[in-house]
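1. Sequence and predicted structure below; questions after.
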Amino acid sequence: MAGAPGPGRDDDLRLADSLRAGDVIALTEVYDTYAPFLYDYCHGLLRDRVEAAGALRNVVIAAREHIDRLTEPDRLRGWLYAVARKECMRRRDSPNRHTGQEAPEADDDLTDEQLARREERRLLAHSALAALNGRQREAIDLSVRHELDEVDLAGVFGMPLEETLALVERAREDLAEALHAALIAQNHWKACPSVSALTEAWPLSPQASTSLVRHVASCPVCGERETPPLPADRLLSVLPIAAIPADLRLDVLTAATAEDRAGNRRAIAAWTEPFDEYGWPLPYEPSPGRAREREPRRRGPLVGAVAVAIGAAALFVGAMSWLGGDGGTNAAATGPGAPGSRAPSSGGAEPTPTDPSPTVGSPSPTKSPSKSPSKSPSKTPSKTPTTKAPPPPPDTDTPRPPRPGDLSVQGCDMRGRDFCLIRITAVGGPVSWRVTGTSGPVQAGGAGHLGAGETRGVPVSRDEPTICLGGQTGYVSFSSGDSASASYFC
């Protein structure tokens, strides 16, 4: 990750040569060097710790089986990411994939104050990344956090180098604009009614972030605002990193070397094929039969579909999945979700060697708003009339609307800043909320709807009185009748 020492080209070349020579110890070194980063990337694409563990296992196996194909061994690291992406796309395409168990976040030895500051920066990152599309977020994640260059990215995405250069440049430009707009929303939302209306909840949704960028570009008031520079590496450094299970190492290395699993390794290796003339795996495509089944749903070349989650507030929409894409990675941006329990040492069920082709599903996180039916739409009801059975009696048990929940509110402390975020959570069901007023030297506003269990941050700014000595506390009231405090020191 950015800020962590990564292997250089010399390490790539040495490890690739050792793998080609069949050195089992080199395989162990490859795992120790690359596995934590590859696991985090796979988790961002798959949003499940069991699937990410299985994907990593298959990447290590495929690397050992196909290392002779790589014509540029000094690019081993980027090549491993290409193998990982293809394996993740294959898994995303399966209706039998494991879901719902996100990995815990890698531990950081931070104080409470440092954690609060990181959370604030993380929400800012999610709000900025929300304005980017899925491919842009994945490109930013791979180039900034995983430190791959454009040549590696071209191999990972299976794109011409010229298109990759344009993608990265545009992604960085769009991120800079979105970050500028997010900083204005964070620090100057009171100065412009339009910004205030767009930022009723924090972090920003993709729609709100995109609208905010357009507004800032055209607003004479916001356009004059200057914001402090924040490089992309510093912005993304606060994003959560999925913690690789400690017991996964033995499982992966055993699967990659045990004599009784040779047949399974050949099947796994087949999933990575075909390769291009440089030995890089071509982007994942469904089998011909599956492609025909999927055809009505496809809206463009499959190579254009991409994962990656920084997702927002479900932080696109889970702590580890900001890469989750427009509708679903890195990277992947959100307020951190509750960490799951540790992944089992098996790293997911062993694949069946006799069925290397994927099953139905779409690897693209950007689904069309109008889904095509699974059957052909050309069928009409013009069939020969037949005797129909009498209709069943009406069901007297009509479905009940979801039970409304309660709003839980949690106060905040500005800790020397000009604002803080009051946390609101829907408990026991959905909740519609609205700020009904404030008391004391604070300002706040906003309204919206929360699904059951969903949390949002309501920004509160300080309104310093003429005479201000010591600590100040204000209160924000909500339509539920609850109120929360916001404190600062002057």
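-> Received it, and whenever you're ready, just let me know what you need.
2. so when I look at residue 128, I'm seeing a helix, right?
-> Yes. Assigned with DSSP: H, G, I helix; E, B strand; the rest coil, residue 128 falls within a helix.
3. Now do the contacts for it.
-> Contacts of residue 128 were listed using CB atoms under 8 Å, 6 or more residues apart in numbering, and they are 175, 178-179, 181-182, 209, 235. All C-beta spots, glycine's among them, are computed from the backbone N, C-alpha and C.
4. how close does residue 197 sit to residue 185?
-> Residue 197 sits 11 Å away from residue 185, going by CB to CB, to the nearest Å.
5. Compare those two and say which one has the larger neighbour count.
-> residue 185 (27 against 14; other CB atoms under 10 Å).
6. what sits against that one?
-> 127, 195, 198-199, 204, 212.
7. how many other residues sit next to residue 193?
-> That count, for residue 193 with other CB under 10 Å as the rule, works out to 10.
8. repeat for residue 260
-> By other CB under 10 Å, the residues close to residue 260 number 6.
9. chain center to the longest helix anywhere in the chain, what's the gap?
-> Across the chain, the longest stretch assigned as helix under DSSP state H is helix 161-187. Distance of helix 161-187 from the chain centroid (CA atoms, centre = their mean, to the nearest Å) equals 17 Å.
10. what's next to the helix or strand that that helix is followed by, contact-wise?
-> Proceeding N to C from helix 161-187, the next assigned helix or strand is helix 193-198, under DSSP states H and E. With contacts defined as CB under 8 Å, 6+ apart, helix 193-198 is touched by 184-185, 188-190, 204, 208, 211-212, 215-216, 219, 222, 445.
11. so which of those residues would you say is closest to residue 36?
-> residue 204 (30.2 Å; CB to CB).
12. How many residues are close by the residue lying closest to the closest one once chain neighbours are set aside?
-> Spatially, and ignoring its direct neighbours in sequence, residue 204 is nearest to residue 127 (4.0 Å; CB to CB, 6 or more residues apart in numbering). Other residues near residue 127 come to 28 when the count uses other CB under 10 Å.
13. Contact partners for residue 411?
-> Residue 411 neighbours (CB under 8 Å, 6+ apart): 422, 484-487.
14. So which of these sit within strands?
-> Assigned to strands by DSSP state E, the following of the contacts of residue 411 qualify: 422, 484-487.
15. can you pick the most crowded of these?
-> residue 486 (28 neighbours).
16. Isn't that one up against residue 458?
-> No. Using CB atoms under 8 Å, residue 486 is not in contact with residue 458; the gap is 9.6 Å.
17. where do the contact lists of the two overlap?
-> What both residue 486 and residue 458 touch, as defined by CB under 8 Å, 6+ apart, is the set 422, 444, 476.
18. Report the lowest-confidence entry in these.
-> Ranked by pLDDT, these bottom out at residue 444 (83).
19. Give me the neighbour count for that one.
-> Neighbours of residue 444 (other CB under 10 Å): 23.
20. want to throw the shared contacts of residue 486 and residue 458 into a markdown table with distance to residue 164?
-> Formatted as a markdown table, the shared contacts of residue 486 and residue 458 follow (distance: CB to CB, whole Å):
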| residue | distance to residue 164 |
| --- | --- |
| 422 | 43 |
| 444 | 44 |
| 476 | 47 |
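21. Return the member of those residues nearest to residue 158.
-> Taking CB to CB as the measure, residue 158 lies nearest residue 422 of the shared contacts of residue 486 and residue 458, at 45.6 Å.
22. so what's the closest one up against?
-> With CB under 8 Å, 6+ apart, residue 422 has these contacts: 409-412, 444, 457-458, 460, 476, 484, 486.
23. With residue 476 instead?
-> 422, 435, 437-438, 442, 444, 458, 460, 483-484, 486.
24. would you list every one of the helices in the stretch 1-150 of the chain?
-> Secondary structure of the stretch 1-150 of the chain (DSSP state H, counting those that start in this stretch): helices at 9-20, 24-46, 49-66, 76-92, 112-129, 134-140, 150-157.
25. possible to save the ones you listed as a markdown table with distance to residue 472?
-> A markdown table is the format used below for those (distance: least, CB to CB, whole Å):
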| stretch | distance to residue 472 |
| --- | --- |
| helix 9-20 | 55 |
| helix 24-46 | 41 |
| helix 49-66 | 44 |
| helix 76-92 | 50 |
| helix 112-129 | 19 |
| helix 134-140 | 39 |
| helix 150-157 | 49 |
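26. out of those helices, nearest to residue 99?
-> Of the helices of the stretch 1-150 of the chain, the one closest to residue 99 (CB to CB) turns out to be helix 49-66, at 7.7 Å.
27. Can you show me the CA trace of the closest one as CSV?
-> What follows is helix 49-66, C-alpha atoms only, in CSV (Å, rounded to 0.1, in the frame of the first residue of the first chain):
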residue,chain,number,x,y,z
ARG,A,49,-13.5,-12.6,3.1
VAL,A,50,-14.2,-16.2,2.1
GLU,A,51,-14.2,-15.4,-1.6
ALA,A,52,-11.2,-13.2,-1.3
ALA,A,53,-9.3,-16.0,0.4
GLY,A,54,-10.2,-18.5,-2.3
ALA,A,55,-9.3,-16.0,-5.0
LEU,A,56,-5.8,-15.5,-3.4
ARG,A,57,-5.2,-19.2,-3.2
ASN,A,58,-6.0,-19.6,-6.9
VAL,A,59,-3.8,-16.6,-7.8
VAL,A,60,-0.8,-18.2,-6.1
ILE,A,61,-1.5,-21.6,-7.8
ALA,A,62,-2.0,-20.0,-11.2
ALA,A,63,1.2,-18.0,-10.8
ARG,A,64,3.2,-21.1,-10.2
GLU,A,65,1.6,-22.9,-13.1
HIS,A,66,1.9,-20.1,-15.6
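28. Noted, bye for now.
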